[in-house]
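Novice: Please work out how this folds:
(4 chains)
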Number of protein chains: 2
Amino acid sequence: MSNNSAIVILTKHGLKITPQRIAILDVILNLKEHPTAETICNYLRPGYPNLSIATIYKTLDTFAQKGIIRKVLSETDTMRYDGVAEKHHHLYNTGSGRIEDYYDEGLNKIVENYLKNKKIPNFTIEDFKLQIFGKFRDNGNK
Amino acid sequence: MSNNSAIVILTKHGLKITPQRIAILDVILNLKEHPTAETICNYLRPGYPNLSIATIYKTLDTFAQKGIIRKVLSETDTMRYDGVAEKHHHLYNTGSGRIEDYYDEGLNKIVENYLKNKKIPNFTIEDFKLQIFGKFRDNGNK
DNA sequence: TACTATATAATAATGATTATCAATTATAAA
DNA sequence: TTTATAATTGATAATCATTATTATATAGTA
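Specialist: Predicted coordinates for the structure are as follows:
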């Protein structure tokens, strides 16, 4: 099922279907967190011992260019990837690199309306995103 | 004057007064853009031919820890620094790495109120920041 | 099945940032 | 003012995430 949807997505974007691409896309789509390239590598190594880290980077880049996934700015110096296409915001755990998605249609609407009226001088708004900083109340890390 | 205020700030945070720190802080406080470590280096090299890039990184880190400046997440892979302590948001020029500050007290209040009532489950909000993506209508770059 | 362009794996290269450490300097005490 | 000492600086090596290179393998198509 998930395997299937990966193939559908790849096809839709005119990308060749390869086992590596299916596997990588599968991981991102199903993982709740925002994995780094290395996290993805660790997930897939058992099944694909020869999967190269370079392939993962290149594949992620291809996906990002097609709009299948998004790159996420991280507080540490490693890039993270986000398999969710719908508009959402990010919760940053201050201290650790943990980032989680936050959906809030009401918030979107309020900010959207505000900015629509406001009109920032010399700037055409295309999109916006909130970074919300704080602490997760469960244990916290990763 | 600006020279002076740098000294005041350093003193207030219990940091030793050195010519390098004064110069670096001066650049960040007076520059409107968000410089990278290398930009700062280029500004100061004429006056301080021996200023080491390592010193700049270490000094910026010290400043950030004291809350004098902030690190800014950038779309490219180079860190940028922000000399403004007051709450503000960022305008990202899609494509280039250009980032500018955006102040909007009205926006702050609206979002603040919304989030205060909303209460995100399992998360304690400390602060938030908007990333606004779009295009500058002047030439665009840098 | 064979052809051709694209993708992959392995590895080297890059570039930003950090670590190391000897020499220098700012501050506090004498 | 001089001295003592801990912090800072500069030079450079090391690190680590990401990108480039290139020979080999593979997907999609005729």
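Novice: Walk me through the domains of chain A.
Specialist: Listed by automatic domain parsing, the domain ranges of chain A are A:2-82, A:89-134.
Novice: would you list the ones you listed in JSON lines and tack on mean pLDDT and mean neighbour count?
Specialist: C-betas here are computed from N, CA, C, even on glycine. As requested, these are exported to JSON lines (pLDDT from 0 to 100; neighbours: other CB atoms under 10 Å in any protein chain shown):
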{"stretch": "domain A:2-82", "mean pLDDT": "90", "mean neighbour count": "15"}
{"stretch": "domain A:89-134", "mean pLDDT": "87", "mean neighbour count": "15"}
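Novice: Show me how far stretch A:108-117 is from its chain's centre.
Specialist: Centroid displacement of stretch A:108-117 relative to its chain, using CA atoms, centre = their mean, to the nearest Å, is 24 Å.
Novice: Spell out the residue ranges of the helices in chain A.
Specialist: Ranges of helices in chain A, per DSSP state H, are A:2-12, A:19-30, A:37-44, A:53-66, A:105-118.
Novice: just the angle between the last one and helix B:105-118, please?
Specialist: Put plainly, it is helix A:105-118. Counting by axes from the mean of the first three to the mean of the last three CA atoms, to 10 degrees, helix A:105-118 lies at 170 degrees to helix B:105-118.
Novice: Most distant residue from the centre of chain A?
Specialist: residue A:121 (30.5 Å; CA atoms, centre = their mean).
Novice: what about stretch A:84-94, near chain B?
Specialist: Yes - contact of stretch A:84-94 with chain B (CB under 8 Å from any CB of the partner chain) involves A:91, A:94.
Novice: and the end-to-end length of that stretch?
Specialist: 22 Å (CA to CA, to the nearest Å).
Novice: what's the closest non-adjacent residue to the closest residue to DNA strand D within chain A?
Specialist: When scored by CB to the nearest atom of the strand, chain A has residue A:79 as its residue closest to DNA strand D, at 3.0 Å. Spatial nearest neighbour of residue A:79, chain neighbours left out: residue A:71 (5.8 Å); criterion: CB to CB, 6 or more residues apart in numbering or on different chains.
Novice: and the one you found, what is it in contact with?
Specialist: Neighbouring residues of residue A:71 by CB atoms under 8 Å, 6 or more residues apart in numbering or on different chains: A:64, A:79, A:80, A:81, A:82.
Novice: next one: residue A:128
Specialist: A:111, A:112, A:115, B:130, B:131, B:132, B:133.
Novice: Distance of the residue nearest the centre of chain A relative to residue A:36?
Specialist: The structure's chain A has its C-alpha centroid closest to residue A:82; by CA atoms, centre = their mean the separation is 0.7 Å. Counting by CB to CB, to the nearest Å, the separation of residue A:82 from residue A:36 is 12 Å.
Novice: ditto for residue A:75
Specialist: 13 Å.
Novice: Enumerate the residues of chain A near chain B.
Specialist: Near chain B, when you scan chain A using CB under 8 Å from any CB, you find A:73-75, A:77, A:79, A:91, A:94, A:102, A:104, A:106-107, A:110-111, A:114-115, A:118, A:120, A:122-138.
Novice: which ones among these are found in strands?
Specialist: Among the residues of chain A next to chain B, DSSP state E puts A:91, A:102, A:123-136 in strands.
Novice: How about chain A, which of its residues are in the neighbourhood of DNA strand D?
Specialist: Contact residues (CB under 7 Å from any atom of the strand) of chain A with DNA strand D: A:16-19, A:36-38, A:53-54, A:57, A:61, A:77-79.
Novice: Which two among the residues you listed are spaced furthest apart?
Specialist: By the measure CB to CB, A:17 and A:77 form the most distant pair in the residues of chain A next to DNA strand D, at 33.1 Å.
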